[in-house]
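> next input, structure requested:
(chains A and B)
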2 protein chains.
Amino acid sequence: MKRTEKVQLQERVYQMLRKAGIVIAPEEQKNIEIADLGLDDIENCGLQVVVYENNDRYCAKELIQFPRQLCPEHRHPQIGEGNIGKQETFRCRWGELYLYVDGQPTPDPKARIPDKYREYLTVWKEIVLRPGDQYTLPADTKHWFQAGDEGCIVSEFSSASIDEEDVFTDPRVRRVPDVEPD
Amino acid sequence: MKRTEKVQLQERVYQMLRKAGIVIAPEEQKNIEIADLGLDDIENCGLQVVVYENNDRYCAKELIQFPRQLCPEHRHPQIGEGNIGKQETFRCRWGELYLYVDGQPTPDPKARIPDKYREYLTVWKEIVLRPGDQYTLPADTKHWFQAGDEGCIVSEFSSASIDEEDVFTDPRVRRVPDVEPD
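As a prediction, the model looks like this:
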């Protein structure tokens, strides 16, 4: 992703946060993460993140998803002896999130998935999160999510976050910084 | 505290959250904690809490302080072998918080403390938190805080929270549920 595009997307995220009444500091605004996951298809697939705090004990972030944007299926694996994998709680602050986890597949799910991403989504038990709703994912369990038609803002509370260790089902995904100079 | 008083205070907290655009679920609204710390002086001293999640790895809460309400000095001590004490991050969402920690005392601090509580406040290095500001307290360190003139709402992200183990400097404080039937 080119830097000019990244800056435009950061501004869009900032305006969504403003609309939801969520204040971030100027330094945080500059550092909004635009994760296109190496797919170069940010409108359909990726995520935007403001990391508030991430230390070896806990982590807190704001996730901002554009309308119908997909975060593809992944899990947070065990890391060494002392960490059984990241456990995380999603709390919806604004908009609507469709979250999918292992279990009985939900008939007629709300997600709308482009064909090119569908085959790598293997868990289909749906949890719908609206403002004030939350859901806690056990460590090392597969999940994916898509925002509703307006997008969404979700607070993520978790144990320590080590994004580069995430295991994605889709082999095309790369969870790496992805900015090219203009 | 009598139950009718508690319900009124819960409604006041709920209205503050609404004003700040923070949505909580009906069950959370019913369970808003009004902690008067055994002092029966909630307007001046105590705290109000919505616990979103508290498990053995991490915790997330919303703290809602009434105007100029004091949370008295305390620390979160080591608990057994595996827990060096609770580490916590305060992130201001609305209003203003004056936080005090160990270090060079701040001249002319913003806190205004009733005489009866002053002698048990021993750390006076001031940190002012406004919306978008945050501060992380190391485990087992003394701190206290007071809201500004409008009150405040602060997100607390932390390691596991075991409130009943908190050590307060003021021996009059009791961190226990405090509702009497009417």
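
> so who does the most centrally placed residue in chain A touch?
Nearest residue to the geometric centre of chain A (Cα atoms, centre = their mean): A:Leu47, 4.8 Å. With contacts defined as Cβ atoms under 8 Å, 6 or more residues apart in numbering or on different chains, A:Leu47 is in contact with A:35, A:37, A:63-65, A:69, A:71. Where you see a C-beta, it was placed from the backbone N, CA and C, and this is true even at glycine.

> the closest residue to chain B within chain A: what secondary structure?
Closest residue of chain A to chain B, Cβ to the nearest Cβ: A:Gly21 (3.3 Å). Here A:Gly21 takes the coil state, with states given by DSSP: H, G, I helix; E, B strand; the rest coil.

> okay, now A:Gly85: neighbour count?
The number of residues packed around A:Gly85, counting by other Cβ atoms under 10 Å in any protein chain shown, is 19.

> neighbours of the nearest residue to A:Ile84 once chain neighbours are set aside, just the number please.
In space, not counting the residues next to it along the chain, A:Ile84 is nearest to A:Ala139; the distance is 4.8 Å by Cβ to Cβ, 6 or more residues apart in numbering or on different chains. For A:Ala139, the count of nearby residues is 18 (other Cβ under 10 Å).

> so for A:Ala139, what's the pLDDT?
A:Ala139 carries a pLDDT score of 97 in this model.

> residues touching it, list them.
With contacts defined as Cβ under 8 Å, 6+ apart, A:Ala139 is in contact with A:76, A:78, A:84-87, A:159.

> tell me which parts of chain A are close to chain B?
Residues of chain A lying near chain B by Cβ under 8 Å from any Cβ of the partner chain: A:20-25, A:28, A:52-53, A:55, A:57-60, A:87, A:89, A:91, A:93, A:131-134, A:136, A:155, A:157-159.

> what helix or strand is A:Thr15 located in?
In this structure residue A:15 is Gln, not Thr. helix A:3-19 (DSSP states H and E).

> partners of the longest strand seen in chain A in the sheet?
Secondary structure assigned by DSSP state E gives strand A:143-158 as the longest strand of chain A. Strand A:143-158 sits in its sheet next to strand A:59-65 (antiparallel), strand A:70-75 (antiparallel), strand A:88-101 (antiparallel), going by DSSP bridges.

> can you list those strands in a markdown table and add mean pLDDT and mean neighbour count?
Conversion of the strands paired with strand A:143-158 to a markdown table gives the following (pLDDT from 0 to 100; neighbours: other Cβ atoms under 10 Å in any protein chain shown):
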| stretch | mean pLDDT | mean neighbour count |
| --- | --- | --- |
| strand A:59-65 | 98 | 24 |
| strand A:70-75 | 98 | 21 |
| strand A:88-101 | 98 | 22 |
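
> how about a markdown table for these, with distance to B:Thr4 added?
Rendered in a markdown table, the data for the strands paired with strand A:143-158 read as follows (distance: least, Cβ to Cβ, whole Å):
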| stretch | distance to B:Thr4 |
| --- | --- |
| strand A:59-65 | 36 |
| strand A:70-75 | 46 |
| strand A:88-101 | 31 |
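
> of all those strands, which one is nearest A:Phe168?
The closest of those to A:Phe168 is strand A:70-75. By Cβ to Cβ, the value is 4.5 Å.

> okay, the closest one in PDB with CA atoms only?
This file holds the C-alpha atoms of strand A:70-75, laid out as PDB (Å, rounded to 0.1, in the frame of the first residue of the first chain):
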ATOM      1  CA  LEU A  70     -13.700  -9.100   6.400                       C
ATOM      2  CA  CYS A  71     -11.000 -10.100   8.800                       C
ATOM      3  CA  PRO A  72     -10.100 -13.600   7.600                       C
ATOM      4  CA  GLU A  73     -10.000 -16.700   9.600                       C
ATOM      5  CA  HIS A  74      -7.100 -17.100  12.100                       C
ATOM      6  CA  ARG A  75      -6.100 -18.400  15.500                       C
END
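
> that'll do, ta.
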